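Novice: Pasted the sequence and its predicted model underneath.
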Amino acid sequence: MAADIDGFLPDEAFLLDVPASDWKDAIRLAGEGLVAGGFTTPAYTDQMIETVEKMGPYIVIAPGLALAHSRPSDAVLKTGLSWVRLSAPVEFGSKKNDPVSLVIGLAGRDENEHIGVMSAIAGALVNPKKTAELASAATPEAIRDILKR
């Protein structure tokens, strides 16, 4: 995955230091990044929000980090990611991991691609040193470089 990160996470899919009024707004921003990256149609954004409404805030997978996604669907054009760093954290309703300041949008064309991309990103984000570097990285290129290491 590391070699393919440029294709899965193009500059257009980044929104850095942007405000969100609540968790739905944060997911909408992640959806905007997925659409801008050419990975999904806007319908996928609604599906990601519906998933949290039905399943709860299970997408908040680590302190300060939400992995916004839904099941593969016709709204997914190709597998990819968006990266939203919020200017101020928002609550998703996760007792353990709120508030969230990083929302990664994930779109997978099928279960295998979905899980493969998700596990590669999660692997990078369990490293506290990398997480701290990602929080302050100034550009999409810098973020991709950290993820590739």
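Specialist: Received it, and whenever you're ready, just let me know what you need.
Novice: for the longest strand along the chain, packing partners?
Specialist: Across the chain, the longest stretch assigned as strand under DSSP state E is strand 80-90. Strand 80-90 is packed against helix 5-8, strand 14-18, helix 23-36, strand 100-107, helix 111-125, with contacts defined by 3 or more CB pairs under 8 Å, 6 or more residues apart in numbering; DSSP states H and E. The way it works is simple: take the backbone N, C-alpha and C, and place the C-beta from them, glycine included.
Novice: so how far is it from its chain's centroid?
Specialist: Relative to its chain's centre, strand 80-90 lies at 7 Å (CA atoms, centre = their mean, to the nearest Å).
Novice: residues in contact with the helix or strand of the chain with the lowest mean pLDDT?
Specialist: Within the chain, no helix or strand scores below helix 111-125, which has a mean of 72 by mean pLDDT, DSSP states H and E. The contact list for helix 111-125 (CB atoms under 8 Å, 6 or more residues apart in numbering) reads 1-2, 8, 61-62, 65, 67, 69, 72, 79-81, 104, 106-108, 130-131, 134, 146-147.
Novice: okay, the angle between that helix and strand 100-107?
Specialist: 150 degrees (axes from the mean of the first three to the mean of the last three CA atoms, to 10 degrees).
Novice: Next SSE downstream of helix 111-125?
Specialist: Per DSSP states H and E, the first helix or strand lying C-terminal to helix 111-125 is helix 128-136.
Novice: how much space between residue 11 and residue 20?
Specialist: 20 Å (CB to CB, to the nearest Å).
Novice: When the two are compared, which one has more neighbours?
Specialist: Ranked by neighbour count (other CB atoms under 10 Å), residue 11 and residue 20 place residue 20 first, with 22 against 12.
Novice: any idea which helix or strand carries the more buried one?
Specialist: Residue-wise, residue 20 maps onto no helix or strand under DSSP H and E.
Novice: thought it was touching residue 86?
Specialist: Yes: if you go by CB atoms under 8 Å, residue 20 and residue 86 touch, sitting 5.3 Å apart.
Novice: Find residues that contact each of these two.
Specialist: Common neighbours of residue 20 and residue 86, counting by CB under 8 Å, 6+ apart, are 26, 29.
Novice: Pull the contacting residues for residue 34.
Specialist: 13, 40, 44, 45, 80, 81, 82, 105, 107 are the contacts of residue 34 under CB under 8 Å, 6+ apart.
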